[in-house]
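**Student:** build me a model:
(4 chains)
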2 protein chains.
Amino acid sequence: MSDAKVLVVDDEPNIRDLLSASLKFAGYEVQTAINGKQAIEAAASWQPDIILLDVMLPDMNGFSITKKLRSMEVTTPVLFLTARDETQDKITGLTVGGDDYVTKPFSLDEILARIQAILRRSTTSDLQASVIKVGELEINEDAHEVSVNSQMVDLSPTEYQLLRYLAVNANRVLTKAQILDHVWEYDFNGEMGIVESYVSYLRKKLDPVSTTPLITTKRGVGYMIKAPS
Amino acid sequence: MSDAKVLVVDDEPNIRDLLSASLKFAGYEVQTAINGKQAIEAAASWQPDIILLDVMLPDMNGFSITKKLRSMEVTTPVLFLTARDETQDKITGLTVGGDDYVTKPFSLDEILARIQAILRRSTTSDLQASVIKVGELEINEDAHEVSVNSQMVDLSPTEYQLLRYLAVNANRVLTKAQILDHVWEYDFNGEMGIVESYVSYLRKKLDPVSTTPLITTKRGVGYMIKAPS
DNA sequence: TTACCAGCTGTGATATTCCTGAGAGTTGGC
DNA sequence: GCCAACTCTCAGGAATATCACAGCTGGTAA
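**Tutor:** Residues are numbered from 1 along each chain as shown, chains lettered A, B, ... in the order given. Next up, the predicted model:
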């Protein structure tokens, strides 16, 4: 699912760079565009597998761009980026077809998850639910449901995101800074203590139903979920 | 029922794109035409399994087009798209045989359901009613009837559409934006709170006759109907 | 052993999301 | 032309989530 081609379209340089760097690190090939004109050109010539498209660009809005693309027989799926307080009429119609949208400010993990979901649906035509399994832990991404030892556990959105990030990176220690950068929205400016809090919440919910503690602390380094060998 | 061929005929580009994208995502093969001449050519040469035909086109109206097609021995079923204020006799004259019609503005879910219904009738000659079953819930698509625990429940059109969309996507969380884009007409530009209202209406009608709550809320994500495992 | 410091967790203030009843506006049947 | 059903908005309140803070715990190194 990696080495897919992603076209990032946003006029804000910091967002562009953030996405570009993260996606490259995640193994994607990335190109960027700063306005609608560039985006359409790049989409036509480079033929990306997915387009990350800011809804409000200086020259065109997301709708005009996708309309233009579709009229050129470019059927690349689009993941829209919209401001949280965008008026409804700008948002309606965005989730038709294989398209999806996320609101700014987003978290990196959310973007990566959405991209994966879209690519999975567009490349393979599998109708099977996508499930992450690590030992006794199971995360059903379609239903947003988590179970340990076949016991359902109810998690808040942030708890879910955190657990998912840890599970995807099982057997790898993640620093609190990494976790903060991936799970929390990019404009979050609180302390890293929040990560400790949420790890605590997760343990309180998960450990009572698991036979062995799930999340291990690497003192001075970070956290990790260890898969049984 | 998928990978059937659908010919979309409409002169408005945004409607054409909306339908094209959604149908492709639903697994259909799609071609488009922007006027009667193109439509007749495509219908004859490409031989689609169904034609979505706007009644009012710049060069010909739907009546002339179907007459022309039928005279060419093309018996492909047609789903007409008409304006809501179209005169009734014009419409009734059109929908002979296996044909059907929907009024603009339509909802995506409605179009998809109608297409499925027509294809089912024309390809397989089964006279069995198509029924969606999820746990205690049963939706008879032919009769538009809903029952829970064998108890009939009376729903308004919008309630029915919403429930159907949730049932078809059982075990998958649907965001309020997705629901709005699929169940409500494409030109609806109200708030997402309407989804909450209708979920509330549904629960008030369904829960009294069901042994377990049908629609679950995934806080911060959306709604889901969970099938018992 | 002791002192230190990273990590853990309970408390509470604030923010967000969701639910639902009430009512206004529309449509369609009779 | 009236009534009933339906659609949609709105706002108060309930439930839940987020985050900061501070005191506590326990590992670690001298």
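**Student:** only C-alpha atoms for contact and neighbour calcs from this point on.
**Tutor:** Noted.
**Student:** domains in chain A, as residue ranges please.
**Tutor:** Here the domain parsing of chain A from automatic domain parsing is A:5-123, A:131-225.
**Student:** now look at the last one and say if it contacts DNA strand D.
**Tutor:** Yes. Remark: domain A:131-225 sits within contact range of DNA strand D at A:155-159, A:184, A:188-191, A:193-194, A:197, A:219, by C-alpha under 7 Å from any atom of the strand.
**Student:** so for residue B:35, which of the domains of chain A sits nearest?
**Tutor:** Residue B:35 lies closest, by C-alpha to C-alpha, to one member of these: domain A:5-123, at 15.5 Å.
**Student:** how far off centre is that closest one?
**Tutor:** Chain-centre distance of domain A:5-123: 13 Å, with C-alpha atoms, centre = their mean, to the nearest Å.
**Student:** now do stretch A:153-165
**Tutor:** Its chain's C-alpha centre and that of stretch A:153-165 lie 13 Å apart, by C-alpha atoms, centre = their mean.
**Student:** show the average pLDDT along the helix of greatest length in chain A.
**Tutor:** Longest helix in chain A, counting residues (DSSP state H): helix A:108-123. What helix A:108-123 shows for mean pLDDT is 92.
**Student:** check which helix or strand the closest residue to residue A:168 other than its chain neighbours maps to.
**Tutor:** Spatial nearest neighbour of residue A:168, chain neighbours left out: residue A:132 (7.4 Å); criterion: C-alpha to C-alpha, 6 or more residues apart in numbering or on different chains. Element membership for residue A:132 (DSSP states H and E) is strand A:131-134.
**Student:** would you agree residue A:148 is in contact with residue A:138?
**Tutor:** Yes. Shown here, residue A:148 and residue A:138 form a contact pair, counting by C-alpha atoms under 8 Å, at 6.3 Å.
**Student:** circling back to that earlier point, now a PyMOL select for only the buried ones of the residues of domain A:131-225 next to DNA strand D.
**Tutor:** Burial among the residues of domain A:131-225 next to DNA strand D is assessed by 16 or more other C-alpha atoms under 10 Å in any protein chain shown; the matching PyMOL selection reads:
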select buried, chain A and resi 155+159+184
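**Student:** that older thread, from the contact counts, what lies against the strand holding residue A:132?
**Tutor:** Strand A:131-134 sits against strand A:137-140, helix A:157-168, with contacts defined as 3 or more C-alpha pairs under 8 Å, 6 or more residues apart in numbering or on different chains; DSSP states H and E.
**Student:** now with 10 Å?
**Tutor:** strand A:137-140, strand A:145-148, helix A:157-168 (3 or more C-alpha pairs under 10 Å, 6 or more residues apart in numbering or on different chains; DSSP states H and E).
**Student:** the host helix or strand of residue A:14 to helix A:108-123, inter-axis angle?
**Tutor:** Secondary structure from DSSP H and E places residue A:14 in helix A:13-25. Angle between the axes of helix A:13-25 and helix A:108-123 is 60 degrees (criterion: axes from the mean of the first three to the mean of the last three C-alpha atoms, to 10 degrees).
**Student:** name the next helix or strand downstream of the worst-scoring helix or strand of chain A on mean pLDDT, please.
**Tutor:** Using mean pLDDT, DSSP states H and E, the weakest-scoring helix or strand in chain A turns out to be helix A:88-91, at a mean of 73. Remark: after helix A:88-91, the chain's next helix or strand is strand A:100-104, criterion DSSP H and E.
**Student:** can you list the strands that that next one pairs with?
**Tutor:** strand A:78-83 (parallel) (DSSP bridges).
**Student:** quick one: is the strand it pairs with near DNA strand C?
**Tutor:** No. Figure legend: strand A:78-83 not in contact with DNA strand C (C-alpha under 7 Å from any atom of the strand); closest approach 12.5 Å.
**Student:** got the buried residues for that strand?
**Tutor:** Quick answer for strand A:78-83 (16+ other C-alpha under 10 Å): A:78, A:79, A:80, A:81, A:82.
**Student:** show residues contacting it.
**Tutor:** Outside strand A:78-83, the residues within contact range by C-alpha atoms under 10 Å, 6 or more residues apart in numbering or on different chains are A:7-10, A:49-56, A:62-63, A:66, A:90-91, A:94-95, A:97-106, A:111, A:114-115, A:118.
**Student:** rerun at 6 Å
**Tutor:** Here strand A:78-83 makes contact (C-alpha atoms under 6 Å, 6 or more residues apart in numbering or on different chains) with A:50, A:51, A:52, A:53, A:54, A:55, A:99, A:100, A:101, A:102, A:103, A:104.
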